[in-house]
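# Fold the following and give me the result.
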Amino acid sequence: MEDTAILEAPAWSYLPGPFFRCRWEKYWSKRQNRERAWAVCKRDDEVRADSGQNLLQTRPFAVWSAHARLQRLQMEWDRLSPDQPVLMLRLEGTAARLYAQQGNWSAAALHTEKCCNLAERAFGRAHPASVALRARLGDAWSRREDWDKATAAFQEAYSVAQVASDQKTTGRLAFELAQVLYWKGDLSGAKSYAEDSVKLLVPIDMGSSRGGSEGPQLSSTSFEALMLLSQVYENLCRRVLELHDKEQAEIHPPVLQGLILKAVKCFETVLKNLPLPQQTPRRPGVLSRAAEIAESILGLKVMGMGDGEYTVLVDAVEELLLHASASTETAPALQRAIAQTRGVRQLQPRAETRAVAEAALRPVSSDSSRERPARLAALFESIAREALMSDVPPSIWFDQTVRLVAEGFSGSPEPGNVTYQATIQLLELCRYFGDAARVIMCASTAST
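As a prediction, this is how the structure comes out:
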């Protein structure tokens with residue numbers, strides 16, 4: 001009996017001296033608390049949190065019960081063993097997921113931020129789990145539309161991934177950061193990070209698919225990064241022109257023409273790698289994504305028309321005006337252009353037709369919410385289809401049309417003539433976009 005009692009007694013009960021007994025009492029108490037906390041967390045973290053998440057998914061009215069279980073588990077955690085960051089990370093991650101499923105992004109972001117601190121404490125700042133949680137924090141703040149906090153979270157994750165030389169993660173985080181800056185309205189910042197994302201992600205996809213028989217294929221992240229970079233370039237061009245109109249910025253034609261060329265190349269690369277479901281219209285009356293890309297490319301080409309191209313188009317429209325009549329043979333676009341130009345009759349002396357032709361290329365109103373004519377919608381779909389099936393990019397189609405107009409009319413302008421149809425198409429595009437040769441015009445006004 002005595003031997004059994006001695007074996008079951010704590011180790012400090014038969015140690016010599018009160019000093020060693022006191023040390024063993026502290027060690028034994030701390031060890032028992034840690035084992036008890038581990039058992040509680042292992043049982044409650046898996047059972048209570050999972051049951052709370054199941055309640056949230058199956059019964060929406062039980063959201064309060066799920067969060068109450070998590071709060072009770074957190075209280076037990078704080079009381080028993082606050083020095084276990086890995087298990088606490090699981091608890092905070094479950095709470096963040098529950099708040100995210102509920103749509104409470106503020107609370108989800110706060111719990112995700114706690115996860116970030118715990119992960120850095122447990123694994124280190126450069127660990128992939130810490131970087132992923134920091135990116136998840138930026139996503140939560142962006143869904144909350146708190147762009148400053150989302151930018152700060154993504155920038156921290158991006159800087160850590162950049163130091164770790166993880167190109168794929170760095171490119172993905174650069175895309176996320178560029179997207180947040182784009183939504184925020186910071187086009188210059190979005191341009192820098194979007195370019196970094198494309199430079200990092202596209203070569204990786206090209207290298208991984210080089211051995212395939214179907215040619216290089218872009219991943220979804222690379223595709224969206226390239227699309228974002230195209231939109232950033234396009235909006236930068238329009239922003240520069242708007243600031244020039246308000247006399248807040250100067251136009252440098254070579255720089256702006258280079259930016260337009262970059263945007264066109266990016267859009268055409270996106271169009272070439274467009275997934276099959278996005279090549280057809282989603283529903284009647286709505287452009288397909290391929291047609292939207294073709295529309296953007298043509299808008300940029302109209303904006304960046306050179307002096308020679310613009311002069312050729314004005315000459316063609318002027319010749320149409322000289323031969324126009326009130327008969328039904330005149331194209332509807334030309335009739336509207338003549339009728340909506342105030343103070344102009346259909347037949348004018350040669351000295352006035354030049355001004356009438358230039359006025360016909362201007363839009364009817366400067367309202368940005370312009371309505372897209374059905375004729376142009378069909379033209380955009382046709383150009384996009386030709387680019388996908390015949391490998392003729394929209395920029396090449398535009399250049400060929402301008403070249404066809406420059407050749408001139410072989411006889412009198414008639415609706416069945418190919419040059420006539422090309423001139424009417426360019427006339428409709430210029431009136432729709434309203435930015436015909438804006439770069440050279442802004443440069444000429446700046447020089448005067």
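
# Helices of the stretch 101-250 of the chain, residue ranges please.
105-122, 128-143, 147-163, 167-184, 187-208, 220-245 (DSSP state H, counting those that start in this stretch).

# Please identify which helix or strand holds residue 290.
Using DSSP states H and E, residue 290 maps to helix 289-303.

# what is the mean pLDDT for that helix?
Predicted confidence along helix 289-303 averages 92 (mean pLDDT).

# tell me the angle that helix makes with helix 220-245.
Here helix 289-303 runs at an angle of 30 degrees relative to helix 220-245 (axes from the mean of the first three to the mean of the last three C-alpha atoms, to 10 degrees).

# Check what contacts helix 289-303 and list those residues.
Residues from elsewhere that reach helix 289-303 (C-beta atoms under 8 Å, 6 or more residues apart in numbering): 230, 234, 237, 241, 260, 263-264, 267-268, 270-271, 274, 278-279, 281, 287, 377, 380-381, 383-385, 387-388, 393-395, 398, 429-430, 433, 435-439. (Glycine included, C-beta is placed from N, CA and C.)

# One more: stretch 264-283?
Everything outside stretch 264-283 that qualifies as a contact, by C-beta under 8 Å, 6+ apart, is 217-218, 223, 226-227, 229-230, 233-234, 287-291, 293-294, 296-297, 300-301, 381, 384, 387-388, 393-395.

# again, 6 Å this time
218, 223, 226-227, 229-230, 288-290, 293, 296-297, 300, 387-388, 393, 395 (C-beta atoms under 6 Å, 6 or more residues apart in numbering).

# next one: stretch 221-237
Residues outside stretch 221-237 that contact it (C-beta under 6 Å, 6+ apart): 172, 175, 178, 187, 190-191, 194, 197-198, 201-202, 205, 259-260, 262-263, 266-267, 270, 273, 296.

# Spell out the residue ranges of the helices in the stretch 301-448 of the chain.
Going by DSSP H, counting those that start in this stretch, the stretch 301-448 of the chain shows helices at 307-323, 332-339, 350-360, 374-390, 394-406, 418-433, 438-447.

# re the thing from before, CA-only coordinates of the helix holding residue 290 in PDB, if you can.
The C-alpha coordinates for helix 289-303 follow below in PDB (Å, rounded to 0.1, in the frame of the first residue of the first chain):
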ATOM      1  CA  ARG A 289     -17.200  40.900 -73.400                       C
ATOM      2  CA  ALA A 290     -15.300  40.500 -76.700                       C
ATOM      3  CA  ALA A 291     -17.500  43.300 -78.300                       C
ATOM      4  CA  GLU A 292     -16.800  45.500 -75.200                       C
ATOM      5  CA  ILE A 293     -13.100  45.000 -75.700                       C
ATOM      6  CA  ALA A 294     -13.500  45.800 -79.400                       C
ATOM      7  CA  GLU A 295     -15.400  49.000 -78.500                       C
ATOM      8  CA  SER A 296     -12.600  50.100 -76.200                       C
ATOM      9  CA  ILE A 297     -10.000  49.500 -78.800                       C
ATOM     10  CA  LEU A 298     -11.900  51.500 -81.500                       C
ATOM     11  CA  GLY A 299     -12.500  54.300 -79.000                       C
ATOM     12  CA  LEU A 300      -8.700  54.500 -78.400                       C
ATOM     13  CA  LYS A 301      -7.900  54.400 -82.100                       C
ATOM     14  CA  VAL A 302     -10.400  57.200 -82.800                       C
ATOM     15  CA  MET A 303      -8.900  59.300 -79.900                       C
END
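
# so that helix versus helix 307-323, what angle?
Using the same axes, to 10 degrees: helix 289-303 against helix 307-323 is 90 degrees.

# looking only at pLDDT, what's the mean for stretch 396-405?
92.

# Just the buried residues of it, please?
397, 398, 401, 402, 404, 405 (16 or more other C-beta atoms under 10 Å).

# And stretch 268-277, by the same measure?
Neighbour-count burial for stretch 268-277 [16+ other C-beta under 10 Å]: 268, 269, 270, 271, 273, 274.

# Let's have the residues you listed in CSV, adding pLDDT.
What follows is the buried residues of stretch 268-277, written out as CSV (pLDDT from 0 to 100):
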residue, pLDDT
268, 93
269, 91
270, 91
271, 91
273, 88
274, 86
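
# which one of these sits closest to residue 147?
Using C-beta to C-beta, residue 270 is the member of the buried residues of stretch 268-277 that sits closest to residue 147, with 25.0 Å.

# Okay, and the closest one sits in which element?
Assigned by DSSP H and E, residue 270 falls in helix 253-272.

# That helix vs helix 289-303, what angle?
Going by the same axes, to 10 degrees, helix 253-272 makes 160 degrees with helix 289-303.

# Compile the buried residues of stretch 396-405 into TSV and extend it with columns for distance to residue 111.
Below are the buried residues of stretch 396-405 laid out as TSV (distance: C-beta to C-beta, whole Å):
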residue	distance to residue 111
397	53
398	52
401	57
402	58
404	63
405	62
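
# thinking again about what came up before, angle of the helix holding residue 290 against helix 374-390?
Using the same axes, to 10 degrees: helix 289-303 against helix 374-390 is 110 degrees.

# Please determine how far residue 424 is located from residue 172.
Distance, residue 424 to residue 172, by C-beta to C-beta, to the nearest Å: 46 Å.

# I meant to write residue 295 there.
Going from residue 295 to residue 172 by C-beta to C-beta gives 29 Å.

# Can you list the low-confidence ranges for the stretch 301-448 of the chain?
324-352, 364-370, 411, 435-448 (pLDDT under 70).

# run the last query once more with 80
The stretch 301-448 of the chain contains residues with pLDDT under 80 at 321-371, 409-416, 434-448.

# follow-up on the earlier one: looking at the buried residues of stretch 268-277, which is nearest residue 306?
Of the buried residues of stretch 268-277, the one sitting nearest to residue 306 (C-beta to C-beta) turns out to be residue 268, at 19.2 Å.

# got the buried residues for stretch 311-326?
Going by neighbour count (16+ other C-beta under 10 Å), the buried part of stretch 311-326 is 312, 313, 314, 315, 316, 317, 318, 319, 320, 321, 324.

# Show me which parts of the helix holding residue 270 are buried, residue by residue.
Buried residues in helix 253-272, counted by 16+ other C-beta under 10 Å: 256-257, 259-260, 262-264, 266-271.

# Check stretch 236-255 too.
236, 237, 238, 240, 241, 244, 251.

# could these go into JSON lines alongside pLDDT and distance to residue 135?
Shown next, in JSON lines, are these (pLDDT from 0 to 100; distance: C-beta to C-beta, whole Å):
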{"residue": "236", "pLDDT": "91", "distance to residue 135": "26"}
{"residue": "237", "pLDDT": "88", "distance to residue 135": "31"}
{"residue": "238", "pLDDT": "88", "distance to residue 135": "31"}
{"residue": "240", "pLDDT": "84", "distance to residue 135": "32"}
{"residue": "241", "pLDDT": "82", "distance to residue 135": "35"}
{"residue": "244", "pLDDT": "75", "distance to residue 135": "38"}
{"residue": "251", "pLDDT": "73", "distance to residue 135": "39"}
